[in-house]
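In: just need the structure, nothing else, for what follows:
(2 chains)
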There are 2 protein chains.
Amino acid sequence: MGFTRESFAGVKPSTSLLSLPCLVTVLLVGSRGGSSAMDNAATEMMAEQSHRQDSASLLIFILLLTLTILTIWLFKHKRFRFLHETGLAMIYGLLVGVILRFGVHVPQSMTDVMLSCAVNASPATLLVNVSGRFYEYTLKGEVSQGKGHQVQDDEMLRKVTFDPEVFFNILLPPIIFHAGYSLKRRHFFRNIGSILAYAFMGTVISCFIIGLIMYGCVSFIKLVGQLGEDFYFTDCLFFGAIISATDPVTVLAIFNELKVDVDLYALLFGESVLNDAVAIVLSSVLLRLEKQIREGAGALRFPGHDGGTKEWQGENQTVTPTNGSIVAYRPAGDNSHSFEAMAMLKSFGVFLGVFSGSLALGVATGVVTALVTKFTKLRDFSLLETALFFLMSWSTFLLAEACGFTGVVAVLFCGITQAHYTYNNLSPESQDRTKQLFELLNFLAENFIFSYMGLTLFSFQSHVFNPLFIIGAFVAVFLGRAANIYPLSFLLNLGRKNKIGANLQHVMMFAGLRGAMAFALAIRDTETYARRMMFSTTLLIVFFTVWVCGGGTTPMLSFMSIPVGVDSDQEASSSAVTGGTQQRNTKHESAWPFRIWYNFDHNYLKPLLTHSGPPLTATLPSCCGPLARCLTSPQAYENEGQLHDDDSDFILNDANVSSMFADVTVSTDASGSHTINRKCSSTNSTGGGASEEALDHELSLTEHEVAIRGTRLVLPMDDPVEPPTTVTLPPPPSPPRSDPRRHRL
Amino acid sequence: MGFTRESFAGVKPSTSLLSLPCLVTVLLVGSRGGSSAMDNAATEMMAEQSHRQDSASLLIFILLLTLTILTIWLFKHKRFRFLHETGLAMIYGLLVGVILRFGVHVPQSMTDVMLSCAVNASPATLLVNVSGRFYEYTLKGEVSQGKGHQVQDDEMLRKVTFDPEVFFNILLPPIIFHAGYSLKRRHFFRNIGSILAYAFMGTVISCFIIGLIMYGCVSFIKLVGQLGEDFYFTDCLFFGAIISATDPVTVLAIFNELKVDVDLYALLFGESVLNDAVAIVLSSVLLRLEKQIREGAGALRFPGHDGGTKEWQGENQTVTPTNGSIVAYRPAGDNSHSFEAMAMLKSFGVFLGVFSGSLALGVATGVVTALVTKFTKLRDFSLLETALFFLMSWSTFLLAEACGFTGVVAVLFCGITQAHYTYNNLSPESQDRTKQLFELLNFLAENFIFSYMGLTLFSFQSHVFNPLFIIGAFVAVFLGRAANIYPLSFLLNLGRKNKIGANLQHVMMFAGLRGAMAFALAIRDTETYARRMMFSTTLLIVFFTVWVCGGGTTPMLSFMSIPVGVDSDQEASSSAVTGGTQQRNTKHESAWPFRIWYNFDHNYLKPLLTHSGPPLTATLPSCCGPLARCLTSPQAYENEGQLHDDDSDFILNDANVSSMFADVTVSTDASGSHTINRKCSSTNSTGGGASEEALDHELSLTEHEVAIRGTRLVLPMDDPVEPPTTVTLPPPPSPPRSDPRRHRL
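Out: Modelled structure (predicted):
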């Protein structure tokens, strides 16, 4: 229920009596001279006071969130849509930040002690022998040189500053899991090719474009003489990586409310979810790269930022660090191309390894959960089922972290797997419970991060605002996004039958907001001058994009003639946005990997992992008969005649059965006749090959294509919930059997 | 989603340049001699490794919980009832503890540094200057002398040991809130007098009885010469306080499943919930008492445990502590009666202050939540509503902690208030959501604590098992419980019409399990020898009571002829257990405070805070007309004709309308005729006085009393869900209007 100042996996004291004594100078204030027992009591009292202050500072955030909730309600009630709840949370955070910074002033308690120590290492645990009694201290981290002298005296500001790892280990996982768990899978898989292109290639392009522009910008600032400290090319790349993570939560909330075209929604949502993962891995790889350089095997020459070179000889040489040049081992990048090429290649390998490892772990946990929920009858006890689901999803994160992979990425793919398989095994009550639980966690975590963001603008005590850098960053972010969307859309449109129209591209360009992920990545490391400058700039970019781009979404949609009011389930065609005519294509060449995957998933994975799908006895070769009988759930046989409904995440509606395999042809059976009988015969046919033929047959069934032009959106400020329907086609008749899981799709 | 090793409200570094340098000796291993940059990289790597190990150790607990869930399912599936899930979690914890202790051996990383420092204080934050770079260290706590030398070399055991404050600040609050939120309020209020007696007087009696017995026991051990270190009377009292907190979660789960008599359930549940609060406040007051003594104003003579006296002169005298006598300022208690009487009186004041302060805060937050949910139309957005509910409940905890009260106690009363008022304002979806959310949190936290308990038996590295002390403690716990239940029951039975039968008393005696609260209180402070001995003993008592008493509940019920299969809502009479004849008594003298409270609550509080109840315009004097109109919700007017259903937590069933005010008369309208018309007229009558008269009139309406003897319970191992009905009366006809909130009561 609560987080506290105390560490969770606290380390218990232990005293290894160690050797190598050396001289340490202790600078101490507040030793009131007196008995040790008295001091002990004083320490306890201070600890209690500190605990109270911690509670008070956490309380500030709770009240902030409460206030945000009430205002959100007011906004929803009044149907204001120019400001999303996250933008609101930021504003409240800003206000509280201003108050804390300029209004309240709690002088720091005089309890800090400065030890000047000639030792060469900073151990994780420190045992201090105070007059014969031992106190254990744990390492909090390095205190940067530039920092310590500024606002040290404000206890309150210190208290409201959280450890950055909190964001990564507590607040981001539920947000990311919820994103994966609530992915609209049908539309996601329909556009998977484009989404992958935007998320992977696009993010990498954006990262490098921004990195290069920023490097130019930093060089210029250096020329002008406004740069305080070092700033290297890897720093610029790192900035590119963290700022490339888009988070269109604001935009998507509005899209959802306005029922904007589902393909646009799927493209934006899929891209933002996956590019978070890409950005995390990319930035952590860049950090690793640096670390490797630092630990560099053998002698590598790194030019210092002043052009001088330092010899790096690994373990044997002692470099006495002088203030301001501790980061001198970073490559300046301007004349170390040979090194960089090698390092880049290596980094790419690490990137692939970390990404695929995290993906595999996430999927594996999801599959295990699916198997457990399938083969135990846990669904009779929905509390147990929900608890198991929650614990397994959490264990993904811990497992990935324990293995050295990225927990957040693993959690994302775990979420997708859970939604695709496990969700089908859960009892209806557990389905509701899990959805509601993660919805709540997501809501709280998200608003907490955004209000913290607002607060940080004033409470963070070592901002570096460099006007030139900030202007450069805004330009770079704009150009990076453009270099992601437009060229890739052009290339994708060559292969896509369902073109991504120019208006759609503009909206995607516009919707590239930066949010929680960029912030969490930026605040994770604010040790150096460069990092602090990046952090401050990131904060401004987040503010700007959330308020301006987020607030401008509704006018933008109207201006770009994006149709709204499309019902994602009933929608007969998503060709409304393309504006072109489509060619019916029975054999979709570009879709074959997805078709193979679909067949495999439908014939083997779904029956194995869930209660739905055809029985394995029908799809597996006869030699595996006993095993298949063992693994097939009784429901599968029952479902045999009504497969269509159960397999609903791919095939929801008979009318758009042909549009589910790829982002190629979107067509509809305009006659409204149902292909359900043929569908069943295809999925019931034994053997994968036969099924595939039937599938092709099916795909050729759709006879008519309809292109619909969306009507121009009238700014729906007054009654946006029921805008005039823009789809001119009559909706296809609803399928004969009602599917309880329909609302998820 | 996750807790991490990182502190939540982490303190940002700050460097106050301080004075008073002194010499410190640093004992350091692992300084690999080399560059500072290298060491920095090494530190980072160590931090990463430490993070991985933290993840791994948390993963152990997640897997333990998962395993527990699966086994629970199996047990429920097979209808085993001799072992509750908490007992199971402990067994798994024990197994993992054994494996970690004797199987895995991860040598400790050589990173600890010992600083021998001549300073006199142990500050909360330490800044270590390592060759010109500053590292911040935070105080973890004192390392006891006896401890440091034993098992310091096992990293894994260190990692699975959590900070004790985690239990108080993270795990207990959801458990306690859930207890308050799910209190069966009708039966709770019906027995409020007895519950308060058991919880307050009983716990205090039990605390002192146990304290006295243990003091005798400790004196004997001292005589025998088996006591290693000091053990004072306050320690014994402290032990009495922590071990007096009962936690019959096991028993109540079985009661719930068997549908045992609701009054027994209410008595046990109410007592255990409230005595947790009493035990917390009592133990914290005892700690405060000690602290006050330590900081003692003026010179107080405290005899040392060897009979010698030490002069205590406050701030001016330096007592150089020698190992083994750091606790010498505690009163030995054998000849300092004058001091103790004063201190006890003072402590009693503190006790009342802390308790009532926490209570007031909890109720206040609950009332604010009720007002907010009533006057905003937040119920249209159940996510917002649930989030608000959650945040407000959490803020109670933080607020109480920030104000120096006890968060857990505040959370308990907040839960009760939320259930009584706010719950009625929530939308049906939010009602489900909040219930399910706290149910899940409670389940996870509870099983986590119990499996941690099991683990701790082997992973805790400084157990002190003293056979004599343990035997003494078991005897003391037994006698303390007996001194609580039997005399109080005797006294209560003098006033109660609905006697607490001997069989009921035996079951209450037997059901005094010790659980999460006793453990959390005991582990909170394991600094001294005495405290460690208490902790180890508490652990054994918890194990014994959960396994033996918890497992023996079903046979016990059978042996004691407690009827089962009583439907708590439909149950026509709860007199089944008393076995005596009751006198109908229209004027219940002992019930008058509750009747006044009921009238006030029903006429003013409910209409003010919820949508139910009579409109305030009807109950308030006419001079307050405008205000009343403003505060009354439109629903109240609508409900005017059907008040009976809305006010369902007091008056659920017409048949037992007379049994709701006190634990005095339980009677039923055996004719089955409904008193609903008169009821409505009473609540609709304007003015409090009129209403009270009508109430009296109502109470006299019930004509017949029926005493039912429960049939002897046949051990219901095979099909316990539907045992033969023991109630011979035909159940009263169900009320005419179905009440959606019925299932909560």
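In: residues from the stretch 401-550 of chain A in reach of chain B?
Out: A:401-404, A:407, A:411, A:433, A:436-437, A:439-441, A:443-445, A:461 (CB under 8 Å from any CB of the partner chain). C-beta coordinates here come from the backbone N, C-alpha and C atoms, glycine included.
In: from those residues, which shows the smallest pLDDT?
Out: Sorting those by pLDDT puts residue A:461 at the bottom of the list (79).
In: that one: neighbour count?
Out: 18 (other CB atoms under 10 Å in any protein chain shown).
In: that one falls within a strand, correct?
Out: No - Residue A:461 sits outside any strand when classified using DSSP: H, G, I helix; E, B strand; the rest coil, being coil.
In: relative to residue A:163, how far out is it?
Out: Applying CB to CB, to the nearest Å, the value for residue A:461 to residue A:163 is 15 Å.
In: of the residues of the stretch 401-550 of chain A next to chain B, select the buried ones using a PyMOL command.
Out: The PyMOL selection below is limited to those of those classed as buried (16 or more other CB atoms under 10 Å in any protein chain shown):
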select buried, chain A and resi 401+402+403+407+411+433+436+437+439+440+441+443+444+445+461
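In: identify the farthest-apart pair in the residues of the stretch 401-550 of chain A next to chain B.
Out: A:433 and A:461 (42.2 Å; CB to CB).
In: restricted to strands, list the residues of the stretch 401-550 of chain A next to chain B.
Out: Within those, no residue falls in strands by DSSP state E.
In: quick check, nearest of the residues of the stretch 401-550 of chain A next to chain B to residue B:509?
Out: Set against residue B:509, the nearest of those by CB to CB is residue A:433 (38.0 Å).
In: can you pull out the strands in the stretch 301-450 of chain A?
Out: For the stretch 301-450 of chain A, the strands defined by DSSP state E, counting those that start in this stretch occupy A:309-312.
In: quick one, helices of it?
Out: Using DSSP state H, counting those that start in this stretch, the helices found in the stretch 301-450 of chain A span residues A:337-375, A:382-403, A:407-417, A:423-425, A:428-459.
In: I'd like to know how many residues surround residue A:70.
Out: Neighbours around residue A:70, by other CB under 10 Å: 15.
In: my guess is it contacts residue B:373. True?
Out: No - contact criterion CB atoms under 8 Å: residue A:70 and residue B:373 do not qualify, at 10.7 Å.
In: what touches both of the two?
Out: Contact criterion CB atoms under 8 Å, 6 or more residues apart in numbering or on different chains; residues shared by residue A:70 and residue B:373: residue B:388.
In: what separates residue A:614 from residue A:371, distance-wise?
Out: In terms of CB to CB, residue A:614 sits 18 Å off from residue A:371.
In: those two: which is more packed in?
Out: Just comparing residue A:614 and residue A:371: by other CB under 10 Å the higher neighbour count belongs to residue A:614, 26 against 17.
In: helix, strand or coil: sort out that one for me.
Out: coil.
In: so what's the backbone phi/psi at it?
Out: Taking degrees, to the nearest 10, you get phi -70, psi 150 for the backbone angles of residue A:614.
In: do the same with residue A:465
Out: The phi/psi pair for residue A:465 (degrees, to the nearest 10) reads phi -100, psi 110.
In: please look at it and residue A:535 and confirm they touch.
Out: No - contact criterion CB under 8 Å: residue A:465 and residue A:535 do not qualify, at 10.5 Å.
In: neighbour count: these two, which is higher?
Out: residue A:535 (24 against 12).
In: how much space between that one and residue B:289?
Out: On the measure of CB to CB, residue A:535 and residue B:289 end up 48 Å apart.
In: quick one: low-confidence residue ranges for chain A.
Out: A:1-44, A:104-156, A:184-185, A:228, A:291-340, A:566-593, A:633-745 (pLDDT under 70).
In: residue ranges of each domain in it, please.
Out: The record's domain parsing of chain A by the TED database lists A:164-298+A:339-560, A:594-635.
In: quick one: which of these is nearest residue B:429?
Out: domain A:164-298+A:339-560 (8.5 Å).
In: picking up where we left off before, now the domains of chain A in CSV, with distance to residue B:74?
Out: Below are the domains of chain A laid out as CSV (distance: least, CB to CB, whole Å):
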stretch, distance to residue B:74
domain A:164-298+A:339-560, 8
domain A:594-635, 19
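In: is stretch A:46-58 in proximity to chain B?
Out: Yes - using CB under 8 Å from any CB, we find that stretch A:46-58 touches chain B at A:46, A:47, A:50, A:51, A:52, A:53, A:54, A:55, A:56, A:57, A:58.
In: narrow those residues to just the buried residues.
Out: A:46, A:47, A:50, A:51, A:53, A:54, A:55, A:56, A:57, A:58.
In: state the distance from the second one to residue A:59.
Out: Translated: residue A:47. For residue A:47, the distance to residue A:59 - CB to CB - is 19 Å.
In: with the fifth one instead?
Out: Shown here: residue A:53 relative to residue A:59, a distance of 10 Å by CB to CB.
In: likewise for the third one?
Out: In this structure, residue A:50 and residue A:59 are 15 Å apart, going by CB to CB.
In: one more: the fourth one?
Out: With the distance defined as CB to CB, residue A:51 ends up 12 Å from residue A:59.
In: now for whatever helix or strand residue A:48 lives in, which elements pack on it?
Out: Following DSSP states H and E, one finds residue A:48 within helix A:36-78. When contacts are defined as 3 or more CB pairs under 8 Å, 6 or more residues apart in numbering or on different chains; DSSP states H and E, helix A:36-78 sits against helix A:85-98, helix A:155-159, helix A:428-459, strand B:133-143, helix B:262-294, helix B:382-403.
In: and stretch A:59-68, what's buried?
Out: Of the residues in stretch A:59-68, A:59, A:60, A:61, A:62, A:63, A:64, A:65, A:66, A:67, A:68 count as buried by neighbour count, 16+ other CB under 10 Å.
In: for it, C-alpha coordinates in PDB please.
Out: Presented in PDB, the C-alpha positions along stretch A:59-68 are these (Å, rounded to 0.1, in the frame of the first residue of the first chain):
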ATOM      1  CA  LEU A  59       1.500  13.000   1.300                       C
ATOM      2  CA  ILE A  60       2.200  16.000  -0.900                       C
ATOM      3  CA  PHE A  61       2.100  13.700  -3.900                       C
ATOM      4  CA  ILE A  62      -1.000  11.900  -2.800                       C
ATOM      5  CA  LEU A  63      -2.800  15.200  -2.400                       C
ATOM      6  CA  LEU A  64      -1.500  16.300  -5.800                       C
ATOM      7  CA  LEU A  65      -2.900  13.200  -7.300                       C
ATOM      8  CA  THR A  66      -6.200  13.600  -5.500                       C
ATOM      9  CA  LEU A  67      -6.400  17.200  -6.800                       C
ATOM     10  CA  THR A  68      -5.700  16.000 -10.300                       C
END
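In: next, the closest residue to residue A:75 other than its chain neighbours: secondary structure please.
Out: Nearest-residue entry for residue A:75: residue A:83, 6.8 Å, with adjacent residues in sequence omitted and distances by CB to CB, 6 or more residues apart in numbering or on different chains. Classification of residue A:83 using three-state DSSP returns coil.
In: show me the contacts for residue A:83.
Out: A:75, A:91, A:547, A:550, A:551.
In: residue A:392 too?
Out: Contacts of residue A:392 (CB under 8 Å, 6+ apart): A:365, A:368, A:369, A:372, B:66.
In: tell me how many other residues crowd the third one.
Out: Here the neighbour count serves as a burial measure; for residue A:369 (other CB under 10 Å) it reads 27.
In: one more: residue A:489?
Out: Applying other CB under 10 Å, I find that residue A:489 has 24 neighbouring residues.
In: how near is residue A:500 to residue A:492?
Out: For residue A:500 relative to residue A:492 (CB to CB), the value is 6 Å.
In: give me the common contacts of these two.
Out: What both residue A:500 and residue A:492 touch, as defined by CB under 8 Å, 6+ apart, is the set residue A:194.
In: tell me the most buried of the helices of the stretch 301-450 of chain A?
Out: Counting by mean count of other CB atoms under 10 Å in any protein chain shown, helix A:407-417 has the highest mean neighbour count of the helices of the stretch 301-450 of chain A, with a mean of 28.
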